[in-house]
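Novice: what follows is a predicted protein model with its sequence.
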Amino acid sequence: MTSAPYVYMSSNLVKEVCRLGGDISEFVPPAIAEALHQRLGKPG
């Protein structure tokens with residue numbers, strides 16, 4: 001398996017994970033994660 005620093009992940013996939021309430025903290029910086037949660041809304 002490819003190690004995490006070398007994995008390519010599309011922004012659409014990250015947004016979908018965020019939209020569904022998944023943890024995206026491993027894939028984006030904290031400021032980006034917060035902005036996505038604000039933009040896409042936190043599930044609940």
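Specialist: Good, I have the coordinates.
Novice: just checking, what packs against the longest helix seen in the chain?
Specialist: Taking DSSP state H as the criterion, the chain has its longest helix at helix 30-40. Counting contacts by 3 or more C-beta pairs under 8 Å, 6 or more residues apart in numbering; DSSP states H and E, helix 30-40 is packed against helix 11-19. Every residue, glycine included, has its C-beta placed from N, CA and C.
Novice: got the contact list for the helix it packs on?
Specialist: 23, 24, 27, 28, 33, 36, 37, 40, 41, 43 (C-beta atoms under 8 Å, 6 or more residues apart in numbering).
Novice: distance to residue 9, pLDDT and neighbour count added to those, as CSV?
Specialist: Formatted as CSV, the contacts of helix 11-19 follow (distance: C-beta to C-beta, whole Å; pLDDT from 0 to 100; neighbours: other C-beta atoms under 10 Å):
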residue, distance to residue 9, pLDDT, neighbour count
23, 13, 92, 9
24, 10, 92, 17
27, 6, 88, 17
28, 9, 91, 16
33, 14, 93, 17
36, 13, 93, 19
37, 17, 91, 15
40, 16, 89, 14
41, 21, 76, 11
43, 20, 55, 10
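Novice: secondary structure class for residue 27?
Specialist: coil (DSSP: H, G, I helix; E, B strand; the rest coil).
Novice: sorry, wrong one. I was asking about residue 24.
Specialist: Going by three-state DSSP: residue 24 is coil.
Novice: and it, what is it in contact with?
Specialist: 14, 17, 18, 33, 36.
Novice: what's the pLDDT at the third one?
Specialist: If I follow you right, that is residue 18. Residue 18 carries a pLDDT value of 93.
Novice: burial measure for it, as a count.
Specialist: By other C-beta atoms under 10 Å, 22 other residues sit near residue 18.
Novice: how much space between it and residue 5?
Specialist: Using C-beta to C-beta, to the nearest Å, one obtains 21 Å as the distance from residue 18 to residue 5.
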